[in-house]
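K.L.:
Curious how this folds, go ahead:
(2 chains)
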Amino acid sequence: MTKAPIEGTPRALVVADQKLANVLALALNHGRYETLCVTTIADAERQLVAFRPQLLIVSIDLDRERALALVGKRIAGRRIPTIALTTRGGLAVKLAAFDRGVDDLMVVPFFPEELVARVIALMRRTYGESVPFIPVIKIAGLEVDLLNQRVRKGKARLELTAIEQALLYLFASNPGQIIGRDEILDTIWGRDFVAESNIVDRHVKNLRTKLEDDPHRPQLIATVPGKGYRFLGKP
Amino acid sequence: MAAPDGGRRGGARIEDPAPPRALLVMGEALANLVTLTLRHGRFETRTSTDTADCQRLVADWKPHLAMIDLDRYERFLAMLANGPTPILVFTRKREASVKLSAFEMGADDIVEVPFTLDEIVARPFALMRRSHGVTVPLVPKIRLDGLEVDVITQKVRVNGDELSLSPIQQALLYLLAANAGRVLSREEMLTTIWGADFETESNVVDRHIRELRVKLKDDWRTPRYIETVAGAGYRFKPQDGNGVSQVAAG
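P.N.:
Modelled structure (predicted):
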C-alpha cells in the first residue's frame, strides 16, 4: 500500500458521547488535528461526506450496526483509517469490528497515552510520517508533557503518575461540568478492576496536592458535595 | 473469508488449514495463560526466552506471530522486528514513551496489562488478518480440566450448571488452569493480570479468588479446583484424566 502524505492539517472525526469525545479531542492536540466531535451516528454519516476526515474514531456502543457501517467507507476514493471504541464490547464485538475492517480498537477505559500512541502508529502506517507528535500541550495554564508525565506550573515542575495524568485529561477536557465518581471510575479504571470505594478520592487528593497552591482551597478541581468533582480551570 | 489486502510483511502465508503458529517470548505463567487462550484460535505455540533458540524458531518453525513481554524481553523486539514475523507486545507500563518506542521499533500492536482475555484472542486475530490476510476460525468453547468455558459468552459450565464470569474472574480462571499443578504467588498473579504499575489494594487477588470460588462452588476447606497454599499463593488442582481440550462445535 502506498502511503500518500497528508497536505495541511489532518481532519479527525470523533463519534462518541460528549465527555468521552471531549477527552479524545483534548488528547488529539498532541498531534495537531482539526477535530470535529459528533455524538450521533446520523451526524457522523453526514460529516463523513461533508468534513471528509482523514481519521475516524468511533464509539461502536452508540449504535453498533450503523457505527460499523461507517467503517471502511471510501471517501474521495480513500479508505479512512478507523479506531473503534467500546466500553464493554466483549470478544464478539471486537472480532466483528476487526472483521468489518477497523484498524485498531480501544476499550474504554483507556489512558490518554494509549490513544495518542495508537493514533500515531495508525497515522504513520497509513500516511507515513506526515503527522507530527507534540509531546507538550497547554491545559488550563499548565504545560503538560505527555511523554515524560510531567506538568509545569509556573516555575514548578511536577511529576504525575499515569492515573493522575489520566484524571487531569478527563477533568480538563470537561471544564465546568460535574463529573461523578462512578463516571471517573468507568473512564479511568473500569469498575471490574477496583475494590476500594475511595480510590477516586485518594487520587484526586494526590493530584490536588501536586497542582493546587492550597489543596484545601482548590482553584482547579472543586468538590461538588454528594456528586463528584468539577474542573474550574479554563481549557 | 477473502484476504483484505494480502500479507503486508510478505512473511509466512497460510495456504492450508494447518493451525497458525505463535512464538511467545515471555515468562512461564503468562506464556501458559496465552497458550491456553490461543486455543480459541487453534494456535500452536512455542515459548522461548533464549536468543539463539528464538532465531532458530523464526527460521525453521516460521511463526505467523510473535508475542513478546516488552517489560522483560525488550531486546527480542529489536531482534524480531527486522524479520518477517508480525509482533504483538505486552506491557504493563503506562508511559507514552514506552508505547511510542514500541511502535517505532517495529511492534505491530500492543496488549495493555491489565488485559481481559478477549484482547489475547482479538488482537492476534486482527494481526493475522492484517499481516497474512487470513481469518482464523474461532473456537468459542474449550474444556479446562473438567470445566467447560465459553470465551464469547464468558460462561463456565460446572457440574451441569452454567455460570457467568466477570472478565477478571475469567482471566484468573484461565491463568490458574493454564498453570495447573503449579503454585502461583499473589505477586505473580498481580503482575500477570493487573500489571505492577496498576495501583490496587493488597488483597485484590484474594478477593477475586474468593468470588471465583463462590461461583465454582469450590469450598476453600476442601477445594476441588483452587487450593490455597499457605504462605505461597494458589494452585489449580489438576483433574484426573482431564486435560485442556477443545469442545466440538455445536
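K.L.:
Find the nearest non-adjacent residue to A:T87, please.
P.N.:
Counting by Cβ to Cβ, 6 or more residues apart in numbering or on different chains, A:T87 lies nearest to A:V108, which is 4.5 Å off, once chain neighbours are set aside. Yep, even glycine has a C-beta here, placed from its N, CA and C like the rest.
K.L.:
From chain B, how far out is that neighbour?
P.N.:
Shown here: A:V108 relative to chain B, a distance of 12 Å by Cβ to the nearest Cβ, to the nearest Å.
K.L.:
which residues touch that residue?
P.N.:
A:20, A:59, A:85-87, A:186-187 (Cβ atoms under 8 Å, 6 or more residues apart in numbering or on different chains).
K.L.:
what's the pLDDT at it?
P.N.:
We have a pLDDT of 83 for A:V108.
K.L.:
Could you measure from it over to A:A16?
P.N.:
Counting by Cβ to Cβ, to the nearest Å, the gap from A:V108 to A:A16 is 9 Å.
K.L.:
what is in contact with the two at once?
P.N.:
Common contacts of A:V108 and A:A16, defined by Cβ under 8 Å, 6+ apart, comprise A:59, A:85.
K.L.:
about what we covered before: now, among the contacts of A:V108, which is nearest to chain B?
P.N.:
Nearest to chain B among the contacts of A:V108: A:T86, at 10.4 Å, using Cβ to the nearest Cβ.
K.L.:
what's near enough to touch the closest one?
P.N.:
If a contact means Cβ under 8 Å, 6+ apart, then A:T86 has A:59-61, A:93-94, A:97, A:105-108 as its contacts.
K.L.:
Let me know whether stretch A:156-167 sits next to chain B.
P.N.:
Yes - Stretch A:156-167 lies within reach of chain B by Cβ under 8 Å from any Cβ of the partner chain, at A:162-163.
K.L.:
Tell me the span between the first and last residue of that stretch.
P.N.:
From its first residue to its last, stretch A:156-167 covers 20 Å (Cα to Cα, to the nearest Å).
K.L.:
For it, what does the pLDDT average out to?
P.N.:
The average of the pLDDT scores along stretch A:156-167 is 88.
K.L.:
List the contacts of it.
P.N.:
Among residues not part of stretch A:156-167, those counted as contacts by Cβ under 8 Å, 6+ apart are A:111-113, A:144, A:146, A:149-152, A:168, A:184, A:187-188, A:203-204, A:206-207, A:210-211, B:94-95, B:197, B:199.
K.L.:
Could you do stretch A:34-51 as well?
P.N.:
A:9-18, A:21-22, A:24-25, A:28, A:53, A:56, A:58, A:62-63, A:66-67, A:70, A:73, A:75, A:80.
K.L.:
redo that, cut-off 7 Å
P.N.:
Here stretch A:34-51 makes contact (Cβ atoms under 7 Å, 6 or more residues apart in numbering or on different chains) with A:9, A:11-15, A:17-18, A:21, A:25, A:28, A:58, A:62-63, A:66-67, A:70, A:73, A:75.
K.L.:
Show me which residues of chain B are close to chain A?
P.N.:
In this structure, chain B approaches chain A at residues B:4-5, B:94-97, B:99-100, B:103, B:112, B:114, B:118, B:121-122, B:125-126, B:129, B:138, B:151-152, B:166-168, B:194, B:197, B:199, B:201, B:204, B:207, judged by Cβ under 7 Å from any Cβ of the partner chain.
K.L.:
Which ones among those lie within helices?
P.N.:
Applying DSSP state H to these, the entries found in helices are B:96-97, B:99-100, B:103, B:118, B:121-122, B:125-126, B:129, B:167-168, B:204, B:207.
K.L.:
State the pair within the residues you listed that is farthest apart.
P.N.:
Maximum pairwise distance in these, criterion Cβ to Cβ, is 37.6 Å, between B:R129 and B:R207.
K.L.:
Which residue of those two possesses the greater neighbour count?
P.N.:
Here B:R129 and B:R207 are compared on neighbour count by other Cβ atoms under 10 Å in any protein chain shown; more neighbours surround B:R129, at 19 against 12.
K.L.:
Pull out the buried residues from the top helix by length along chain A.
P.N.:
If you go by DSSP H, chain A has its longest helix at helix A:112-127. By neighbour count on 16 or more other Cβ atoms under 10 Å in any protein chain shown, the buried set for helix A:112-127 is A:112-127.
K.L.:
Which ones, among those, also lie beside chain B?
P.N.:
Subset of these in contact with chain B: A:113-114, A:116-117, A:120-121, counting by Cβ under 7 Å from any Cβ.
K.L.:
what about A:G180, neighbour count?
P.N.:
Using other Cβ under 10 Å, A:G180 has 14 other residues around it.
K.L.:
Quick check on it: phi, psi?
P.N.:
Dihedral pair for A:G180: phi -80, psi 160, per degrees, to the nearest 10.
K.L.:
quick one: is the helix or strand of chain A with the lowest mean pLDDT near chain B?
P.N.:
Ranked by mean pLDDT, DSSP states H and E, the weakest helix or strand in chain A is strand A:74-75, scoring a mean of 80. No - shown here: strand A:74-75 not in contact with chain B (Cβ under 7 Å from any Cβ), separated by at least 13.6 Å.
K.L.:
now for the very next helix or strand once past that strand, which elements pack on it?
P.N.:
Scanning the chain past strand A:74-75 towards its C-terminal end, the next helix or strand to appear is strand A:78-79 (assignment: DSSP states H and E). Taking 3 or more Cβ pairs under 7 Å, 6 or more residues apart in numbering or on different chains; DSSP states H and E as contact, there are no helices or strands that strand A:78-79 lies on.
K.L.:
which residues sit against strand A:78-79?
P.N.:
When contacts are taken as Cβ under 7 Å, 6+ apart, the neighbours of strand A:78-79 outside the stretch itself are A:G72.
K.L.:
How far off centre is that strand?
P.N.:
Using Cα atoms, centre = their mean, to the nearest Å, the distance from the centre of strand A:78-79 to the centre of the chain it belongs to is 24 Å.
K.L.:
Let's verify the most centrally placed residue in chain A: helix, strand, or coil?
P.N.:
When chain A is reduced to its mean C-alpha position, the nearest residue by Cα atoms, centre = their mean turns out to be A:L24, at 2.5 Å. Classification of A:L24 using DSSP: H, G, I helix; E, B strand; the rest coil returns helix.
K.L.:
Please report how far it lies from chain B.
P.N.:
Counting by Cβ to the nearest Cβ, the separation of A:L24 from chain B is 15 Å.
K.L.:
Name the residues of stretch B:132-146 that come out as buried.
P.N.:
Counting neighbours by 16+ other Cβ under 10 Å, stretch B:132-146 gives B:132-136, B:138-146 as buried.
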